[in-house]
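Asker: could you look at this predicted model? Sequence included:
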Amino acid sequence: MRAIRRQEPHLTRRLRLVPRDGDAPPAPDAGPEAGGEAYFRSLLENARDVIHVLDADGTTRYVTPSVTRLLGWTPEELVGRHALELVHPDDQPGLFAALARHGEGAEQALEFRVPHQDGSWRTFEGVGRNLLGDPAVRGIVVSARDVTERKHAQEESLRLAAFPRENPDPILECDRAGATVYVNPACDRLVWELGVRRPERLLPRDHARIVAECLETATSARDVEVQVGTRVLAWNYHPQPPLGTVYLFGHEITERKRVEERLIQ
């Protein structure tokens, strides 16, 4: 921190972090007059954001100490390096160009990946602002926050959503009363093929009882067979007690049943 402040002492005095939702507010009796430099150092080190100040050519002139906690790098390791050196190659094109091109006060939403010192890639979202014309800053200020976990959760949700949609076997979700609240496209196709009009006609007669027992005991029911016309289906019931729902995964066993019958004969 001291090495950086000797290079750009005015930047630390000028930069003031405004806490976002989730940031711990300073103690009621804390403040610049109470802690002086220590107060602002604590804010910068514990902020959930990393703030970079870049020259017009992208060279890093200042970076807040929070970069060490979030990415493992010290500010001294980054000052003097071009910002794009630490940006994933796929995210580099045009990342900061618009800010320099649009002039003083221009803002740009940013999303990019940067390497943690442990070798992993972290995803950051933020805003860049062109303050090259501000004599107190004379740079492009980028304030960004690590959103890696949120992005992973979003990707996982998309994968989970795609699983029933793309699955060739019928999948249903039922509430605790046994009523169907979701069917995947494969189930819709099967309903149409068998001409039964409603997905409930694909389920065993004691379907509601099975659903209730699965939720009550938090155990699955497997290979529950039901015949629909000349076709035979087997259903696996998987309860989700916290949600009060049961997932049903079906597969057709018509050919298997025919083979079993021939062997018995």
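Answerer: Received the coordinates, thanks. Numbering: from 1, shown residues only.
Asker: just give me the neighbour total for Val147.
Answerer: 16 (other C-beta atoms under 10 Å). Backbone N, C-alpha and C define where each C-beta goes, glycine included.
Asker: actually, Glu155.
Answerer: Neighbours of Glu155 using other C-beta under 10 Å come to 10.
Asker: which helix or strand contains it?
Answerer: Counting by DSSP states H and E, the secondary-structure element that holds Glu155 is helix 148-166.
Asker: do the same with Gln227
Answerer: Applying DSSP H and E, one finds Gln227 within strand 221-228.
Asker: quick revisit: can you list contacts of the helix holding Glu155?
Answerer: Taking C-beta atoms under 8 Å, 6 or more residues apart in numbering as the criterion, the residues outside helix 148-166 that touch it are Arg122, Thr123, Ile171, Tyr182, Asn184, Pro185.
Asker: flag every buried residue along it.
Answerer: Residues of helix 148-166 classed as buried by neighbour count (16 or more other C-beta atoms under 10 Å): Thr148, Lys151, Pro164.
Asker: got it, and stretch 67-83?
Answerer: Across stretch 67-83, burial judged by 16+ other C-beta under 10 Å covers Val67, Thr68, Leu70, Leu71, Trp73, Thr74, Pro75, Leu78, Val79, Ala83.
Asker: next one: stretch 184-203
Answerer: Within stretch 184-203, the residues that qualify as buried are Asn184, Ala186, Cys187, Leu190, Val191, Pro199, Glu200, Leu202, Leu203, counting by 16+ other C-beta under 10 Å.
Asker: okay, and which of these map to helices?
Answerer: Secondary structure defined by DSSP state H assigns Ala186, Cys187, Leu190, Val191 of these to helices.
Asker: the second one reaches Pro170, doesn't it?
Answerer: Yes. Under the criterion of C-beta atoms under 8 Å, Cys187 lies in contact with Pro170, with a separation of 3.7 Å.
Asker: so what sits against both of those two?
Answerer: Taking C-beta under 8 Å, 6+ apart as the criterion, Cys187 and Pro170 both touch Pro199, Leu202, Gly250.
Asker: so Thr219 touches Tyr237, yeah?
Answerer: No. No contact is recorded between Thr219 and Tyr237 when judged using C-beta under 8 Å, the distance being 9.1 Å.
Asker: inside helices: which ones of the buried residues of stretch 67-83?
Answerer: The helices, defined by DSSP H, take in Val67, Thr68, Leu70, Leu71, Pro75, Leu78 from those.
Asker: Ala144 versus the fourth one, what's the distance?
Answerer: Per C-beta to C-beta, to the nearest Å, Leu71 is found 11 Å from Ala144.
Asker: now intersect the shared contacts of Cys187 and Pro170 with the strands, please.
Answerer: Gly250 (DSSP state E).
Asker: in its sheet, what does the helix or strand that the strand holding Gln227 is followed by sit against?
Answerer: Using DSSP H and E, the next helix or strand after strand 221-228 towards the C-terminus is strand 231-240. Counting by DSSP bridges, the strands paired with strand 231-240 are strand 221-228 (antiparallel), strand 245-252 (antiparallel).
Asker: and the closest residue to Glu213 other than its chain neighbours, what pLDDT?
Answerer: Setting aside the residues directly before and after it, Glu213 is nearest to Ala221 in space (C-beta to C-beta, 6 or more residues apart in numbering), at 7.3 Å. Looking at Ala221, its pLDDT stands at 95.
Asker: please apply the same query to the one 10 residues further on.
Answerer: pLDDT, Arg231: 93.
Asker: and for the closest residue to it other than its chain neighbours, the neighbour number?
Answerer: Computed as C-beta to C-beta, 6+ apart, the closest residue to Arg231 that is not its neighbour in sequence is Thr254, at 5.0 Å. Applying other C-beta under 10 Å, we find 14 other residues in the vicinity of Thr254.
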